[in-house]
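Student: The amino acid sequence is not available; the structure is as follows:
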């Protein structure tokens, strides 16, 4: 039982570390694409518009970090303490999981 509890905690830590890495990588890519001095302003504007479209698509299809972690645990057969294995109520989408695009620019 204790091993299962620790597994759940390890997966939660790994999940959040991966999330931070993805956010950091995305922020760096956005900065490089938007602030590329090797291209003209029109190209940078087109890139910015493309990033906005990608972000909108991502936000429409993405769920919360909690829902993603819960899905991973379910697929691996890990149930966290105080959680009913049949509880699937946290599969809701959240727009609060990704910071506003202004933090990437």
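Tutor: Yep, that arrived. In this text, all values refer to a predicted model and were calculated from it rather than measured experimentally. Residues are numbered from 1 along each chain as shown.
Student: Now the element after the helix or strand where residue 3 lies, going C-ward?
Tutor: Element membership for residue 3 (DSSP states H and E) is helix 2-34. Sequence order places helix 41-61 as the next helix or strand after helix 2-34, per DSSP H and E.
Student: helices and strands around the helix or strand just after that following helix, which ones?
Tutor: Of the helices and strands lying after helix 41-61 in sequence (DSSP H and E), the nearest is helix 65-76. If contacts are counted by 3 or more Cβ pairs under 8 Å, 6 or more residues apart in numbering; DSSP states H and E, helix 65-76 sits against helix 2-34. Bear in mind the C-beta positions are built from the backbone N, C-alpha and C, glycine included.
Student: any idea how far residue 5 lies from residue 12?
Tutor: Going from residue 5 to residue 12 by Cβ to Cβ, to the nearest Å gives 11 Å.
Student: Excluding sequence neighbours, find me the nearest residue to the residue nearest the centre of the chain.
Tutor: Central residue of the chain (Cα atoms, centre = their mean): residue 19, 5.2 Å from the mean position. Spatial nearest neighbour of residue 19, excluding adjacent residues (Cβ to Cβ, 6 or more residues apart in numbering): residue 65 at 5.7 Å.
Student: mind checking how far the one you found is from residue 55?
Tutor: 17 Å.
Student: What angle do helix 2-34 and the least confident helix or strand in the chain by mean pLDDT make with each other?
Tutor: Ranked by mean pLDDT, DSSP states H and E, the weakest helix or strand in the chain is helix 65-76, scoring a mean of 78. Angle, helix 65-76 to helix 2-34, by axes from the mean of the first three to the mean of the last three Cα atoms, to 10 degrees: 130 degrees.
Student: mind listing what's buried in helix 65-76?
Tutor: In terms of neighbour count (16 or more other Cβ atoms under 10 Å), helix 65-76 has its buried residues at 65, 67, 68, 69, 70, 73.
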